[in-house]
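Asks: Need a 3D model of the sequence below.
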Amino acid sequence: MTPARFSARPELKTLKLYNSGLILADAAARAKGRRIAKLASNENPHGPQAAVQTAMQDALARPFLYPDPSARALADEIARQTGAPESRVILGDGSEDLLNVLARAALNAGDEVVTLYPSFPLHEDYATMMGATVTRIGLTSSHEIDIDALLAAAARPVRMTLLANPMNPAGLWLGPDALDALLKAQHPDSLLCLDEAYVEYAAGPDYASAADHLAAHDKPLLILRTFSKAYGLAGLRIGYGISNSDDVIHAMHLVRTPFNTNAVAQAAALAALTHKEGMAKAVSSTLRERRRMAEGLTDLGLHVLPSKGNFLFVDCRQPSVEVADRLIACGVIVKPWKQEGYETYLRVSVGLGWENDQFLEAMARVL
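Replies: Model prediction:
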């Protein structure tokens, strides 16, 4: 039978399917019985603590009921902890869902979106999907964020400046002075969106969250965060946005689906916010392991970018797709980077101690 034909929107012609990486079952088939170290998706392998799992089980007792469409209890707790009014909190099916919602709510064909590069691919893809033009701000020759270029671009009347802080995949970040300069440079007619998916790993005097500026900032600002990383809830898909603008949040509510966060995810996220002891221990372990992994990779003669995330961005000095393929045979899954100019880089998540040991040992063999 001849397959039916269908013409999609022309904006989709340049898009590629998102590379979510190998699943464990596929990797296991290639690893020939080796224990699998999954270090490709920046998950928290420690998982949620007992109180969160109990909340999930309790929520499962009523699967026949629709979830609260506004996730009011969770939104109230987010507001309490961030200082944002509850009316300026929005929940999503992961912060990735909110990136999609934001693009559909804010962008028209021909709009300009400024972003850092290399970037989380969906920052660009959702803009392209809406017919917007993406302006990339690349790293300097010394592998640092080009602050001057970023400030110059943000000062123009672009529709949106969208960037991750810390950056994914590079792990680089804006410090307090750089963030202050960006907020001051922002054009009053432009929306500034900071994707802070890895904020829990970035605490310290050399990092600044835009959440501290919500109350005083007088230009449109949106901050996106997730429970998929430090909170260990990637499989439940839940994240949130906070803003200083009623208009931004209202527009996003108009676009999102009515029940875009499920009851189990809402309950788990609320418990995670009110029982942070396990998350704090997991983050502390991750930071120690991140230092150890960076030292081990440096000892192998590789260039490792500084990172404020739960991952490292490593120059393998050869096609990273080939390195990643050889690592799978050793029972290690990493993410080879495929964006132009970074084809020799791979991103590796910081896992449990044995996973990181297995990765470092495998890297020494496959390079």
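Asks: alpha carbons only for contacts and neighbour counts from here, please
Replies: OK.
Asks: got a list of contacts for stretch 180-196?
Replies: 150-152, 154-166, 209-210, 217, 219-226 (CA atoms under 8 Å, 6 or more residues apart in numbering).
Asks: Actually, stretch 12-29.
Replies: Contacts for stretch 12-29 (CA under 8 Å, 6+ apart): 34-36, 38, 40-41, 121-122, 125, 128-129, 328, 331, 333, 335.
Asks: can you rerun that using 6 Å?
Replies: Met129 (CA atoms under 6 Å, 6 or more residues apart in numbering).
Asks: what distance separates that stretch from the centre of its chain?
Replies: 17 Å (CA atoms, centre = their mean, to the nearest Å).
Asks: Gly171 touches Phe311, doesn't it?
Replies: No. Under the criterion of CA atoms under 6 Å, Gly171 makes no contact with Phe311, lying 7.2 Å away.
Asks: between the two, who's got more neighbours?
Replies: Shown here are Gly171 and Phe311; by other CA atoms under 10 Å, Phe311 has more neighbours (30 against 22).
Asks: Tell me the pLDDT of the residue nearest to Leu270 when sequence neighbours are not counted.
Replies: The shortest distance from Leu270 to any residue other than its chain neighbours is 5.3 Å, reached at Leu74 (CA to CA, 6 or more residues apart in numbering). Leu74 is assigned 98 on the pLDDT scale.
Asks: Helices along this structure, start to end?
Replies: Using DSSP state H, the helices of the chain run over 24-31, 50-59, 72-82, 95-106, 121-129, 147-154, 176-185, 246-255, 263-274, 277-299, 320-329, 353-366.
Asks: if I look at the residue nearest to Leu270, how far off is Val89?
Replies: 10 Å (CA to CA, to the nearest Å).
Asks: returning to what we had before: just the buried residues of the contacts of stretch 180-196.
Replies: Those of those that meet the buried threshold are 150-151, 154-156, 158-166, 209-210, 219-226, by 16 or more other CA atoms under 10 Å.
Asks: Could you tell me which of those are located in strands?
Replies: Under the assignment DSSP state E, the buried ones among the contacts of stretch 180-196 contribute Met160, Thr161, Leu162, Leu163, Ala164, Leu221, Leu222, Ile223, Leu224, Arg225, Thr226 to strands.
Asks: if I look at the third one, how far off is Ser307?
Replies: By that I understand Leu162. Leu162 is 19 Å from Ser307, by CA to CA.
Asks: Leu312 pairs with what?
Replies: The partner list for Leu312 in beta bridges (DSSP bridges) reads Val348.
Asks: Was I right to think it contacts Val350?
Replies: No. Shown here, Leu312 and Val350 do not form a contact pair, counting by CA under 6 Å, at 7.5 Å.
Asks: Compare neighbour counts for the two and give me the winner.
Replies: Val350 (31 against 28).
Asks: what about that one, distance to Arg291?
Replies: From Val350 over to Arg291 the distance is 10 Å, taken as CA to CA.
Asks: With Lys16 instead?
Replies: 34 Å.
Asks: Next: Ala362.
Replies: 18 Å.
Asks: who's more crowded, the two?
Replies: The neighbour comparison of Ala362 against Arg291 (other CA under 10 Å) goes to Ala362, with 18 against 14.
Asks: contacting residues around Ser243?
Replies: With CA under 6 Å, 6+ apart, Ser243 has these contacts: Arg88, Leu221, Leu222.
Asks: what mean pLDDT would you report for stretch 312-331?
Replies: Regarding stretch 312-331, the rounded mean pLDDT is 96.
Asks: mind listing what's buried in that stretch?
Replies: For stretch 312-331, using 16+ other CA under 10 Å, the buried residues are 312-316, 319-321, 323-331.
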